[in-house]
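Engineer: model this:
(chains A and B)
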Amino acid sequence: MTRLFALVDCNNFYASCERVFRPDLEGRPIVVLSNNDGCVVARSNEVKALNVPMGGPYFKVKDVLRAHGVTVFSSNYELYGDLSARVMAVLGRFCPELEIYSIDEAFLGLDGFSTWDVEAYMRQLRATVKRWTGVPVSIGVAPTKTLAKLAAERAKKDAGLGGVLLLDTPHAIVAARARTPVGDVWGVGRRWSKSFEAMGVATAEDFARQSEHWIRKRMGVTGARTQAELLGRACFGLQTQPQPRQSCVASRSFAHTVTALDDLKSAVATFAARAAERLRTGGLVGGQVNTFVLTDRFNGAARQYTGSAVAALPQPTNLTADITRAALAALARAYRPGFHYKKAGVMLLDLVPQDQVQPGLFAPGLADQEKAQRLQRALDAVNGSGYGNGDLIRFGAGGVRTGRAGGATGGYADGPAQAGEGWQLRRDHRSPRYTTQWAELRTVR
Amino acid sequence: MIPQPVTRAALCVLPVMAGPVRAGFPSPAEDYVEGGLDLTEHLIRHPAATFIVRVEGDSMNGAGIFAGDLLVVDRSIEPLDGHVVIAQVAGELTVKRLKKDPKGRPGAWRLVAEHPDFPPIRLNGDGDGEPSAIWGVVTSSVRTLVK
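Structural biologist: Purely as a prediction, here's the structure:
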């Protein structure tokens, strides 16, 4: 009975999510684009053969995609977040020791299993996730997290493994290491892989066989831990409690550049509301608000400027009205006229848990604070009801005002920029939000 | 970003207050306060596996399912003979009743409409009895009468 870790990794997650409600796309090539339809962030397996690089700009591959009949989607984060939560809920039923690592990966702690039934249990888990949520996953099981990740990668790439790989013998571990490029090892990545390959350390096996001194000299103590993990000695445990956030950022690039302060105010008000909402969800309050604005780094012809200003909050808070006021005050100091801004954002700093806040000497009275919090809850209830298409009510430069009723996709998610809201995100190819908006449900005949 | 596990929003969990609190006599109903009625809990047994779709067309009118109805679909339930299911047919999602095919080989299934204009659809069975084209089982339908 050894302590084993499993890494559950969703296959081509965004592309797989798009297929859940579109069975006609099973086996067909799909790509998903990043925010603003800028880059390719997900590809189905059928696309990988077409020389469409991951992370590459969309405009460069647009013709290749059209020629091969590839279906293109804009990111539908509402759908992906919802399906991810479902996958994690299923994992939680199979294993109470669960660390959610990212939107599409989780570690499980498997204690007290003898190895002969771990594999069967993982196969059952994989089938259940696919049955319940429609999302296919690959699973790696090993004595350390680094090896589990390596095994999951092998399970994903090698069709003969049936989606699950258990590394339970030294022979299996060596074989898996020998087939894994050193750049695919968790913690190594592209930063080191080029120089390592040049030195003849091309696989995870080569890396594991180096002396600890060799590793430490180049990668320091984190490299030594990675090596120990590859050798079967667990250095990382499961983090089942989420780490406390240090900061909370809401920012976006704009579909078209923006020069007027009023347009930036509208964007910053929206970002402030988003960031504040995340604080409330996380039970945190913030002490400082940083607003930043940027010109387009990739446009060599334009004058470049990065503006950033911080406004302190008189009292730590997570209420949208207070944070928006501070964000707009910071914007006024960060903004310079005459520049073409391509991106803006709001970052909340000095985050502490809500229940640890000491009221200051000049803080508003308890009754006023409770009134403000009741108002906030009422607004959250309206905005989050699933009936509003995006936020119905936002705090803008002129106090409370209603957002645009922008059709089925809502003001925030509309396609090409509209007059007066020139900073809106481009999401020309977004699929319906099947699981979070009543107006966008899947229909059946 | 840490995704939160699926939680069920309770629609109606107001404790039933037996009466206004007064100084003096306590309410005789005080010991009998129950929770309110939670429609979500009633309709959704497996939140992670449950999806909601909207009906178009008349193919299941005979089963009391009409265009505009919402269907609560549970993907975790094993589809059985007689269940109303959502199935994949020719790349589309359709709502029909699942029936064993009396004429086909053992393990073959049919999708049967409940309207005279729609003929049954034969499904290719997997031999093990469960058709792989089933997207989920319809557990409830919701019809809104006042729009």
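Engineer: got any ranges where chain B has weak pLDDT?
Structural biologist: B:1-23, B:104, B:124-132 (pLDDT under 70).
Engineer: go with 50
Structural biologist: For chain B, applying pLDDT under 50 flags the ranges B:1-16, B:18, B:127-129.
Engineer: so for the residue of chain A found nearest chain B, what pLDDT did the model give?
Structural biologist: Nearest residue of chain A to chain B (Cβ to the nearest Cβ) works out as residue A:24 at 3.1 Å. For every residue, glycine as well, the C-beta is placed using N, CA and C. Note on residue A:24: pLDDT of 93.
Engineer: so what's the residue count around it?
Structural biologist: 13 (other Cβ atoms under 10 Å in any protein chain shown).
Engineer: and it, how far from residue A:30?
Structural biologist: According to Cβ to Cβ, to the nearest Å, residue A:24 and residue A:30 sit 11 Å apart.
Engineer: what's the answer for residue A:279, then?
Structural biologist: Distance, residue A:279 to residue A:30, by Cβ to Cβ: 35 Å.
Engineer: not counting sequence-adjacent ones, nearest residue to the one residue sitting closest to the centre of chain A?
Structural biologist: The centre of chain A sits closest to residue A:103, judged by Cα atoms, centre = their mean, with a distance of 5.7 Å. With Cβ to Cβ, 6 or more residues apart in numbering or on different chains as the criterion, residue A:103 has its nearest non-adjacent residue at 4.8 Å, and that residue is residue A:84.
Engineer: can you name the residues that contact the residue of chain B found nearest chain A?
Structural biologist: Per Cβ to the nearest Cβ, residue B:91 is where chain B lies closest to chain A, at 3.1 Å. By Cβ atoms under 8 Å, 6 or more residues apart in numbering or on different chains, the residues touching residue B:91 are A:23, A:24.
Engineer: and the gap between it and residue A:32?
Structural biologist: Residue B:91 sits 20 Å away from residue A:32, taking Cβ to Cβ as the criterion.
Engineer: can you map out the helices along chain B?
Structural biologist: Secondary structure of chain B (DSSP state H): helices at B:39-43.
Engineer: quick check, the residue nearest to the centre of chain A in contact with residue A:83.
Structural biologist: No. Look at residue A:103 against residue A:83 with Cβ atoms under 8 Å: they stay out of range, at 9.3 Å.
Engineer: worst-scoring helix or strand of chain A, pLDDT-wise?
Structural biologist: Using mean pLDDT, DSSP states H and E, strand A:399-402 stands out as the lowest-scoring helix or strand of chain A, at a mean of 42.
Engineer: need the next SSE after that one, C-terminal direction.
Structural biologist: The first helix or strand that comes after strand A:399-402 along the chain, using DSSP states H and E, is strand A:442-444.
Engineer: that following strand pairs with which strands?
Structural biologist: strand B:50-55 (parallel) (DSSP bridges).
Engineer: where in chain A is pLDDT low?
Structural biologist: Counting by pLDDT under 50, chain A contains low-confidence residues at A:1, A:386-390, A:392, A:397-421.
Engineer: C-terminal to the strand or helix carrying residue A:345, what's the next element?
Structural biologist: Using DSSP H and E, residue A:345 maps to strand A:341-349. Going down the chain from strand A:341-349, the next helix or strand is strand A:352-353, by DSSP H and E.
Engineer: tell me what that following strand is packed against?
Structural biologist: In terms of contacts (3 or more Cβ pairs under 8 Å, 6 or more residues apart in numbering or on different chains; DSSP states H and E), strand A:352-353 is packed against strand A:284-295.
Engineer: would the strand it packs on count as contacting chain B?
Structural biologist: No. Strand A:284-295 does not reach chain B (Cβ under 8 Å from any Cβ of the partner chain); its nearest approach is 12.8 Å.
Engineer: okay, angle between that strand and strand A:341-349 too, please.
Structural biologist: 160 degrees (axes from the mean of the first three to the mean of the last three Cα atoms, to 10 degrees).
Engineer: partner strands of strand A:284-295, with direction?
Structural biologist: Here, using DSSP bridges, strand A:284-295 pairs with strand A:306-317 (antiparallel), strand A:341-349 (antiparallel), strand A:352-353 (antiparallel).
Engineer: can you redo those strands as TSV with mean neighbour count?
Structural biologist: Listed next are the strands paired with strand A:284-295 as TSV, based on neighbours: other Cβ atoms under 10 Å in any protein chain shown:
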stretch	mean neighbour count
strand A:306-317	17
strand A:341-349	23
strand A:352-353	12
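Engineer: closest to residue A:268 out of these?
Structural biologist: strand A:341-349 (5.9 Å; Cβ to Cβ).
Engineer: distance from the closest one to the middle of the chain?
Structural biologist: Distance of strand A:341-349 from the chain centroid (Cα atoms, centre = their mean, to the nearest Å) equals 17 Å.
Engineer: for it, which outside residues touch it?
Structural biologist: Residues contacting strand A:341-349 (Cβ under 8 Å, 6+ apart): A:247-254, A:257-259, A:264, A:267-268, A:271-272, A:274-276, A:279, A:286-297, A:299, A:310, A:323, A:327, A:331, A:423.
Engineer: tell me which residue of chain B is furthest from the middle?
Structural biologist: Max distance from the centre of chain B (Cα atoms, centre = their mean): residue B:24, 48.8 Å.
Engineer: which among the contacts of strand A:341-349 count as buried?
Structural biologist: A:248-254, A:257-258, A:264, A:267-268, A:271-272, A:274-276, A:279, A:286-296, A:323, A:327, A:331, A:423 (16 or more other Cβ atoms under 10 Å in any protein chain shown).
Engineer: which outside residues touch the strand or helix carrying residue A:66?
Structural biologist: In the assignment (DSSP H and E), residue A:66 maps to helix A:58-67. In this structure, residues lying in contact with helix A:58-67 by Cβ under 8 Å, 6+ apart are A:31, A:33, A:37, A:38, A:39, A:40, A:47, A:50, A:51, A:52, A:53, A:72.
Engineer: residues in contact with the closest residue in space to residue A:372 that isn't next to it in sequence?
Structural biologist: Nearest residue to residue A:372, sequence neighbours excluded (Cβ to Cβ, 6+ apart): residue A:319, at 5.7 Å. For residue A:319, the contacting residues are A:276, A:372, A:373, A:376, by Cβ under 8 Å, 6+ apart.
Engineer: quick check: residues of chain B near chain A?
Structural biologist: So far as Cβ under 8 Å from any Cβ goes, chain B lies against chain A at B:1-6, B:46-49, B:51-57, B:59, B:70-71, B:75-76, B:86, B:88, B:91-95, B:135.
Engineer: surely residue A:43 is in contact with residue A:33?
Structural biologist: No. In this structure residue A:43 lies outside contact range of residue A:33 using Cβ under 8 Å: 10.7 Å.
Engineer: residues contacting residue A:222?
Structural biologist: So residue A:222 contacts residue A:187 (Cβ under 8 Å, 6+ apart).
Engineer: now do the lengthiest helix in chain A: which elements does it pack against?
Structural biologist: Longest helix in chain A by number of residues, with DSSP H as the criterion: helix A:261-282. Secondary-structure packing of helix A:261-282 (3+ Cβ pairs under 8 Å, 6+ apart): strand A:248-258, strand A:284-295, helix A:320-334, strand A:341-349, helix A:366-383, strand A:393-396.
Engineer: and if we set it to 10 Å?
Structural biologist: strand A:248-258, strand A:284-295, strand A:306-317, helix A:320-334, strand A:341-349, helix A:366-383, strand A:393-396 (3 or more Cβ pairs under 10 Å, 6 or more residues apart in numbering or on different chains; DSSP states H and E).
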